[in-house]
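Chemist: this one's sequence-less:
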């Protein structure tokens, strides 16, 4: 072994405690730190009963398009399944 090779600095390999989950830990850390840097919107800062009612209305009405689309897709799938021949 050559003396030059023996003195060459070696790169240390850092082993992760959770291999494959580093992306999750990064997102989790960002989720914990992000609220420290951002501020609430003006509607959330001075919340009144009227504005809280709007918030709840939005939360309850948001799933309606997904439920309607899912219901239509389910109905179409069920109708097409009932019209298929018994032999296939």
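Modeler: Perfect, thanks for sending it. The model shown is predicted, which means the values in this text are computed figures rather than measured ones.

Chemist: where does the protein have its least confident helix or strand?
Modeler: helix 3-7 (a mean of 57; mean pLDDT, DSSP states H and E).

Chemist: Next secondary structure after it?
Modeler: helix 22-37 (DSSP states H and E).

Chemist: so for that following helix, what's the average pLDDT?
Modeler: Helix 22-37 carries an average pLDDT of 82.

Chemist: same deal with stretch 79-88?
Modeler: On average, stretch 79-88 scores 74.

Chemist: So that it lines up with my notes, have the first residue be 53 from now on.
Modeler: Sure thing, new numbering starts at 53, so read that last one as stretch 131-140.

Chemist: Buried residues of it, list them for me.
Modeler: Within stretch 131-140, not a single residue qualifies as buried, counting by 16 or more other CB atoms under 10 Å. From N, CA and C alone the C-beta is placed, and that goes for glycine too.

Chemist: go on, stretch 109-129?
Modeler: Buried residues in stretch 109-129 (16+ other CB under 10 Å): none.

Chemist: Which residues does it contact?
Modeler: Applying CB atoms under 8 Å, 6 or more residues apart in numbering, stretch 109-129 turns out to have no external contacts.

Chemist: just stretch 130-140 next, same as before
Modeler: So stretch 130-140 is contacted by nothing (CB under 8 Å, 6+ apart).
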